[in-house]
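Participant: show me how the following folds:
(2 chains)
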Amino acid sequence: MCAVRGLTKTYPALRGRRGVPAAPEVRATDGVELDVRRGEIFGLLGPNGAGKSTLVRQLTGLMRPDHGTVRILGHDIVAHPERAARILAYLGQESGALDELTVSLAAETTGRLRGLDLRQARAERDAVLDELGLTPIAGRPLKKLSGGQRRLACFAAALVGERSLLVLDEPTTGMDPVARRAVWSAVDRRRAERGTTVVLVTHNVIEAETVLDRVAVLDRGRVIACDTPAALKERVSGEVRVELVWRERAPLEVAEVAALEERAVESGRRWTLRLAPEEARAVVATVTGGAAYAALDDFTLATPSLEDVYLALGGAARQGLVKV
Amino acid sequence: MSVVPAGVLPGATAVQDGGAGPAAELGPPARLWPSLAAVYRAQLSRARVARIPLLFVATFQSIGIMIMMRGVVSGGSEAQYVVAGASVVVVAYVALNLLAQYFGQLRASGGLDHYATLPVPPAAVVLGAAAAYASFTVPGALVTAAFGSVLFGLPLGNLWVLAAVIPLAGAALSGLGAACGLLAPRPELATLFGQLGMSAALLLGVLPPDRMPEAVRLLRDLLPSTYGVEAYARTFAARPDWVLVFTDMAVCAGVGVVSLAVATWAYRRAAVR
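Facilitator: Got it, this is the predicted structure:
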């Protein structure tokens, strides 16, 4: 479906000017290799600045890579970026082009610009708005909607005028659970009926674990792992995540707690530890009794998530991923 | 939440197709005229929502200028330039200034990605937006022209010429505005270029050319809106020289084609970086 080979893009170094500090050159994508199969939901997971959006912009023909190839359904997107628009639908993070249109006109116009005639565009618009539950707000401008509703309206526009590949950059940002469900059932329906493929950018770990068939974990422009979420979690299955939240500060006078300090990832009053199960049990016994318990506000014990995979694989950002 | 396993999907048998097989058929491209119509309609609707207050500003500004000039200019050919110039300034305000701002913002906010990932000809996006902004100036320009003619006692009989002058001057100025917005590296600069262009159209269009120094007159000849002003100003004469009127309009049209072509090129350049 989509094959990416050796994709590299370097942003040039910025010279410092007044008020703007100099920045070294950045490899936004660094030799990325991917194979997306037909009909799967393929995720790109990573913290902000990992290169997800740059990668997606190169997949959609919006940005020319320095090196490497992108082939989608047999078409060379690097040589013919204009073909991307006829193969895929892209939902970017910005809604600027549609903001002042009504939901209905945004969907209809997008459909017409995707090559539908007026009658088809209107029929598809009505079907998609109905499917996503947007019909009651069809006459309102996107600008007047809440963030989640606006996102859903943009998603609707992306669905009008069928495409065999959907590239969605954080589609559910700001959405309530009802809207999220509408998004994923619309995606599933298209997969089941037409074999639609989805490339999804996310930094939401829970969403990644529940909706993705396979996921590529990105860090500083490189793919550090690519597999099913279950197989990735298998790699750290020998570990348990313990999170400790202290009331004011960690009771370092307790020797067992002091010994843990260097293994913990600290974020304010929160310590995150990845431990073998028996170690975790010992830690829980320590902190739930005696002096340490008096200083403890909360603790959780959990099986590893994709976030732990990211950290275990050497991911650089300590808290870039969201768990909502 | 995804309940459909990838293995049972239609066509999922060729799992490792890797994009290397024979090229699949592409979706249909959007043709020029239908997509131009769609962009025009969408732009007109957003202009209706967001730009009506600005249109009032544009009209009142021109009317204010004419009232001011009434104290300086008594009548004759000078009055003709004032009225024609003030009418075209309405077009310049919306088509040049506002369109430069719009495209500047769209480019800076990443809004161009939306159009760039649709199979639409670049010309349709630029022409659709330019046409919408230009046609949005029609009521303001008409009101200004009618008010000015009454104020300076000029004949109203050839007001219909505006039907040609507005689209032609509109095309030239909105092409210029769109190009400024798309080429400016930052949205503030796009706004600045738009404002400067409008100031130029105001000063060089409204003031009678006879008293200008040679250098300024040359600058005036370079500004596309000048030919619209000239064409309209000529029609106030008792017996207008229609050949000159249509020559001016032809120049305006030529500049319009060039400036829209430049804007289309600028759009292509801005869309894929």
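
Participant: whatever helix or strand B:Val165 lives in packs against which elements?
Facilitator: Secondary structure from DSSP states H and E places B:Val165 in helix B:162-183. Using 3 or more CB pairs under 8 Å, 6 or more residues apart in numbering or on different chains; DSSP states H and E as the contact test, the elements touching helix B:162-183 are helix B:76-91, helix B:99-109, helix B:122-135, helix B:138-152, helix B:187-206, helix B:225-234, helix B:242-271. (C-beta placed from N, C-alpha, C; glycine too.)

Participant: where does pLDDT dip in the stretch 51-200 of chain B?
Facilitator: Along the stretch 51-200 of chain B, the model assigns pLDDT under 70 to no residue.

Participant: re earlier: between the helices and strands packed on helix B:162-183, which one is closest to A:Glu33.
Facilitator: Of all the helices and strands packed on helix B:162-183, helix B:242-271 sits nearest to A:Glu33, with 27.2 Å by CB to CB.

Participant: next, the buried residues of the closest one.
Facilitator: Of all the residues in helix B:242-271, those buried under the rule 16 or more other CB atoms under 10 Å in any protein chain shown are B:245, B:248-249, B:251-253, B:255-256, B:259-260, B:262-267, B:270-271.

Participant: also stretch A:252-261?
Facilitator: So stretch A:252-261, judged by 16+ other CB under 10 Å, has buried residues A:254, A:257, A:260.

Participant: name the helix or strand for the last one, please.
Facilitator: For A:Leu260, the host element (DSSP H and E) is helix A:255-260.

Participant: that helix packs against which elements?
Facilitator: Right, helix A:255-260 is packed against helix A:277-287 by 3+ CB pairs under 8 Å, 6+ apart.

Participant: what about the strands in the stretch 51-200 of chain A?
Facilitator: A:67-72, A:75-76, A:88-91, A:165-169, A:197-202 (DSSP state E, counting those that start in this stretch).

Participant: could I get these as a markdown table with mean neighbour count, mean pLDDT and distance to B:Gly153?
Facilitator: Formatted as a markdown table, the strands of the stretch 51-200 of chain A follow (neighbours: other CB atoms under 10 Å in any protein chain shown; pLDDT from 0 to 100; distance: least, CB to CB, whole Å):
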| stretch | mean neighbour count | mean pLDDT | distance to B:Gly153 |
| --- | --- | --- | --- |
| strand A:67-72 | 20 | 94 | 68 |
| strand A:75-76 | 16 | 94 | 67 |
| strand A:88-91 | 25 | 96 | 59 |
| strand A:165-169 | 23 | 95 | 61 |
| strand A:197-202 | 25 | 93 | 66 |
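
Participant: how about the ones you listed in JSON lines, adding distance to chain B?
Facilitator: Output for those, formatted as JSON lines (distance: least, CB to the nearest CB, whole Å):
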{"stretch": "strand A:67-72", "distance to chain B": "4"}
{"stretch": "strand A:75-76", "distance to chain B": "5"}
{"stretch": "strand A:88-91", "distance to chain B": "4"}
{"stretch": "strand A:165-169", "distance to chain B": "8"}
{"stretch": "strand A:197-202", "distance to chain B": "9"}
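
Participant: will you turn the ones you listed into TSV that also has distance to B:Val216?
Facilitator: Shown next, in TSV, are the strands of the stretch 51-200 of chain A (distance: least, CB to CB, whole Å):
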stretch	distance to B:Val216
strand A:67-72	52
strand A:75-76	54
strand A:88-91	49
strand A:165-169	50
strand A:197-202	54
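
Participant: quick one: closest of the ones you listed to B:Met69.
Facilitator: Of all the strands of the stretch 51-200 of chain A, strand A:88-91 sits nearest to B:Met69, with 51.6 Å by CB to CB.

Participant: and the contacts of the closest one?
Facilitator: Here strand A:88-91 makes contact (CB atoms under 8 Å, 6 or more residues apart in numbering or on different chains) with A:56, A:59-60, A:62, A:72, A:114, A:154-155, A:158-159, A:161, A:163-169, A:171, B:113, B:117.

Participant: partner strands of it, with direction?
Facilitator: strand A:165-169 (parallel) (DSSP bridges).

Participant: how about the one residue in the stretch 1-150 of chain B that gets nearest to chain A, nearest residue that isn't a chain neighbour?
Facilitator: Minimum separation of the stretch 1-150 of chain B from chain A (CB to the nearest CB) falls at B:Gly111, amounting to 2.9 Å. Spatial nearest neighbour of B:Gly111, excluding adjacent residues (CB to CB, 6 or more residues apart in numbering or on different chains): A:Gly96 at 2.9 Å.

Participant: quick one: contacts for the one you found?
Facilitator: Contacts of A:Gly96 (CB under 8 Å, 6+ apart): B:105-106, B:109-111, B:114.

Participant: B:Ala237: neighbouring residues, count only.
Facilitator: 15 (other CB atoms under 10 Å in any protein chain shown).

Participant: tell me how far it lies from chain A.
Facilitator: 43 Å (CB to the nearest CB, to the nearest Å).

Participant: contact partners for that residue?
Facilitator: Here B:Ala237 is in contact with B:Gln80 (CB under 8 Å, 6+ apart).

Participant: go with 10 Å
Facilitator: The neighbourhood of B:Ala237, defined by CB atoms under 10 Å, 6 or more residues apart in numbering or on different chains, consists of B:77, B:80, B:154-155, B:158, B:244-245.

Participant: check A:Thr173 too.
Facilitator: A:93, A:147-148, A:151, A:202-204, A:322.

Participant: and the pLDDT for it?
Facilitator: You'll see A:Thr173 listed with a pLDDT of 88.

Participant: likewise the one 4 residues further on?
Facilitator: Reading off the per-residue confidence, A:Pro177 sits at a pLDDT of 91.

Participant: any idea of the pLDDT on the residue of the stretch 51-200 of chain A found nearest chain B?
Facilitator: Chain B sits closest to A:Gly96 of the stretch 51-200 of chain A, with a gap of 2.9 Å, by CB to the nearest CB. A:Gly96 is assigned 85 on the pLDDT scale.

Participant: distance check, it against A:Pro21.
Facilitator: 27 Å (CB to CB, to the nearest Å).

Participant: all helices for the stretch 1-150 of chain A, in order.
Facilitator: Ranges of helices in the stretch 1-150 of chain A, per DSSP state H, counting those that start in this stretch, are A:52-59, A:84-87, A:103-113, A:118-131, A:147-159.

Participant: for burial, what's the neighbour tally of A:Asp298?
Facilitator: Neighbours of A:Asp298 using other CB under 10 Å come to 11.

Participant: quick one: residues contacting the spatially closest residue to it that is not a sequence neighbour.
Facilitator: Sequence neighbours aside, A:Val245 is the residue nearest to A:Asp298 in space, at 4.3 Å (criterion: CB to CB, 6+ apart). Listed by CB under 10 Å, 6+ apart, the contact partners of A:Val245 are A:267-271, A:296-300.

Participant: among the residues you listed, name the ones in helices.
Facilitator: Among the contacts of A:Val245, no residue falls in helices (DSSP state H).

Participant: which one (most neighbours) among those residues?
Facilitator: A:Trp271 (22 neighbours).

Participant: how about the nearest residue to that one, chain neighbours excluded?
Facilitator: A:Ala264 (3.9 Å).

Participant: cool, A:His67 as well?
Facilitator: Among residues not flanking A:His67 along the chain, A:Thr8 sits closest, at 4.4 Å (CB to CB, 6+ apart).

Participant: now swap in A:Asp117 and tell me
Facilitator: A:Asp117 sits nearest to B:Pro34 (CB to CB, 6+ apart), 7.0 Å away.

Participant: from the chain's centroid, how far away is the longest helix along chain A?
Facilitator: Assignment by DSSP H gives helix A:177-194 as the longest helix of chain A. Chain-centre distance of helix A:177-194: 17 Å, with CA atoms, centre = their mean, to the nearest Å.

Participant: tell me the contacts of A:Lys144?
Facilitator: Taking CB under 10 Å, 6+ apart as the criterion, A:Lys144 is in contact with A:99-100, A:102-103, A:137, A:150, B:49.
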